[in-house]
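Undergrad: sequence unknown, structure follows:
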């Protein structure tokens, strides 16, 4: 009996050593074939542009093709599910935004996936704050004046967004909650018509990115009131934060990041994280990001996961409180 038990223990030890050797081998040889990066948006947008820039740098370092595949539609769900259900070997990744990866499933019932538990986070690469903008003809020059104006014109003011459940939609509702205003949502199909609606006076408020809107602010076509951020932007230094305007803690960001299927071997997860951190520190990449008013994050998988958990709580509360329903 003792001899049999010893044999079993030896076999278990040998098996454990083999698994360890296999994992080490997988890590040391990864990647040894092309990597596919799915972007759940059409080509040409900011998420796609960053994905292609990062993929080109990864291909140079890994000496393997890194292919970007666009799977647009369904508010990002089909492309996201394709990655969730892919083998956890590091050869299928997703480069996405919080609007698609984190906010979109909160608006669906049942939720198609858990944005944290059903994936292996690699790194959030950049984030940028939402920007509160108003029509330039409105008789207000700052957030305080706008709040007073909105309260004296209840249900008479509208705000545009790029669509229901978008980052700008939820940021504007977060502002409504904090300010005690009731500016009414008018969704448009994309940033260009939403911005045009504000400039033309169809709407009076818009929550957008600094990179997309500051040029129009500089041209006097709309007015930038405040950033949903804890610090000012380097490309809009005269624009105060919400905290400076008496609304402390009012933050809303759009982020871009890369994730993998669940249960990715930790060695491969760490290797991909180190590669993303390295890429975001490259002078040409960091200059490209900062020029658009973005903050470089390049954090660890654990930090990325915690930031998503915290953010989910904020947006889930806004969705419940404002009774936001999908289209």
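TA: Thanks, I have the structure now. Everything quoted here is computed from the prediction, not taken from an experiment. Numbering: from 1, shown residues only.
Undergrad: tally of neighbours for residue 303?
TA: 14 (other Cβ atoms under 10 Å). All C-beta atoms are positioned from the backbone trio N, CA, C, and that covers glycine.
Undergrad: Not counting its neighbours along the chain, what's nearest it?
TA: residue 124 (7.8 Å; Cβ to Cβ, 6 or more residues apart in numbering).
Undergrad: Likewise for residue 101?
TA: Nearest to residue 101 is residue 115, by Cβ to Cβ, 6+ apart, at 5.3 Å.
Undergrad: next SSE after the helix or strand of the chain with the lowest mean pLDDT?
TA: When the helices and strands of the chain are scored by mean pLDDT, DSSP states H and E, helix 2-29 comes last with a mean of 50. For helix 2-29, the following helix or strand on the C-terminal side (DSSP states H and E) is strand 35-39.
Undergrad: Partner strands of that following strand and their direction?
TA: strand 66-70 (parallel), strand 92-97 (parallel) (DSSP bridges).
Undergrad: what helices or strands is the very next helix or strand once past the last one leaning on?
TA: Same thing as strand 92-97. Sequence-wise, the next helix or strand beyond strand 92-97 is helix 98, with elements assigned using DSSP H and E. Helix 98 makes packing contacts with strand 253-260 when contacts are defined by 3 or more Cβ pairs under 8 Å, 6 or more residues apart in numbering; DSSP states H and E.
Undergrad: could you redo the last one with a cut-off of 10 Å?
TA: strand 253-260, helix 301-321 (3 or more Cβ pairs under 10 Å, 6 or more residues apart in numbering; DSSP states H and E).
Undergrad: To residue 235, which of the strands paired with strand 35-39 lies closest?
TA: strand 92-97 (19.7 Å; Cβ to Cβ).
Undergrad: ok, and which of the strands paired with strand 35-39 has the densest surroundings?
TA: strand 92-97 (a mean of 25; mean count of other Cβ atoms under 10 Å).
Undergrad: hmm, back to that, do you know which of the helices and strands packed on helix 98 lies nearest residue 111?
TA: From the helices and strands packed on helix 98, taking Cβ to Cβ, the stretch that ends up closest is helix 301-321, at 10.4 Å.
Undergrad: Show the average pLDDT along that closest one.
TA: Helix 301-321 shows a mean pLDDT of 96.
Undergrad: What residues sit buried inside stretch 40-49?
TA: 40-41, 45-48 (16 or more other Cβ atoms under 10 Å).
Undergrad: Which members of the residues you listed are the farthest-apart pair?
TA: Largest pairwise distance in the buried residues of stretch 40-49, by Cβ to Cβ, is 13.2 Å, between 40 and 46.
Undergrad: Give me the common contacts of those two.
TA: Counting by Cβ atoms under 10 Å, 6 or more residues apart in numbering, the common neighbours of residue 40 and residue 46 are residue 97.
Undergrad: who does the helix or strand hosting residue 125 pair up with?
TA: Using DSSP H and E, the element containing residue 125 is strand 120-135. Strand pairing for strand 120-135, determined by DSSP bridges: strand 205-209 (antiparallel), strand 222-227 (antiparallel), strand 253-260 (antiparallel), strand 295-296 (antiparallel).
Undergrad: so residue 317 sits right up against residue 310, yeah?
TA: No. Contact criterion Cβ atoms under 10 Å: residue 317 and residue 310 do not qualify, at 11.6 Å.
Undergrad: How about the contacts made by the residue nearest to residue 101?
TA: Contacts of residue 115 by Cβ under 10 Å, 6+ apart are 80, 84, 96, 98, 100-106, 121, 259, 305, 308-309, 311-312.
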